[in-house]
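1. take a look and give me a structure for this.
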Amino acid sequence: MFSSPAVKPLVVLLRLAMAWVFLYAASHQVFGGFSVSGFLGSTKTFHWLFAPLATEPLAGVLSFLVAYGHLLIGLSLLSGLMVRLSASFGIALMLFYWMAHMDFPYISATTNFLLDEHIVYALVLGLMIATSAGHIFGLDAWAAKLDQVHRNKWLGWATA
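-> Residues are numbered from 1 along each chain as shown. As a prediction, the model looks like this:
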């Protein structure tokens, strides 16, 4: 898979770019007055699914989970630790955002027909899983060697 010398640096750069995307979002959400209410309350195609999530107290809990989820995913991708786990959660978030932006068949604007950046981000995160991106200049290679990780199947999976 890594027959080209350019693959590893590109995977690392993609991992760091995705880390930036999540950390930048978190910087506005964790340290500001962020709420999912406005975003989820204005959905179109899947309004029946998202609108109930925009009401309190659920919106407060979801706002906390989204903000700190972005932060944790970003830190994981930045450090290369438990990339498989964080990328999986990142893919789930990107698919939810894609659905929430949808005004079928357009996504957030008439210039995005069926696809937008959320699907591209999800695909990049999938590449992070497929290439074991945390093992390339990341902490997953180190963590995978620890005895505690070998004894716990979930930690072993997260650092694989």
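2. pretty sure Val149 is touching Leu155, no?
-> Yes: using C-beta atoms under 8 Å, Val149 is in contact with Leu155, at 4.5 Å. C-beta here means a position set from N, CA and C on the backbone, and glycine is covered the same way.
3. hey, what's in contact with both of these two?
-> Common contact partners of Val149 and Leu155 (C-beta atoms under 8 Å, 6 or more residues apart in numbering): Ala143.
4. identify the residues contacting the longest helix belonging to the chain?
-> With secondary structure taken from DSSP state H, the chain has its longest helix at helix 7-30. Residues from elsewhere that reach helix 7-30, judged by C-beta under 8 Å, 6+ apart: 1-2, 34, 63, 66-68, 70-71, 73-78, 80, 83, 90, 121, 124-125, 127-128, 131, 133-134, 136-138.
5. which SS class is Gly33?
-> Counting by DSSP: H, G, I helix; E, B strand; the rest coil, the backbone at Gly33 sits in coil.
6. looking at it now. What's its pLDDT?
-> Here the pLDDT value assigned to Gly33 is 84.
7. roughly how far does it sit from Leu93?
-> 20 Å (C-beta to C-beta, to the nearest Å).
8. just the buried residues from the contacts of helix 7-30, in ChimeraX please.
-> In ChimeraX, this line selects whichever of these come out buried by 16 or more other C-beta atoms under 10 Å:
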select :34,63,66,67,70,71,73,74,75,76,77,78,80,83,90,121,124,125,127,128,131,133,134,136,138
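9. now intersect the contacts of helix 7-30 with the strands, please.
-> Among these, none falls in strands (DSSP state E).
10. now, the contacts of helix 7-30 that are in helices?
-> Per DSSP H, the contacts of helix 7-30 map to helices at 63, 66-68, 70-71, 73-78, 83, 90, 121, 124-125, 127-128.
11. run through the bridge partners of Ala109.
-> For Ala109, the beta-bridge partners are Ile107 (DSSP bridges).
12. start the count at 472, not 1, going forward
-> Fine by me, first position is 472 from now on; the one you just mentioned is Ala580.
13. how much space is there between it and Trp569?
-> According to C-beta to C-beta, Ala580 and Trp569 sit 13 Å apart.
14. more neighbours, these two?
-> Using other C-beta atoms under 10 Å, the more surrounded residue of Ala580 and Trp569 is Trp569, with 20 against 10.
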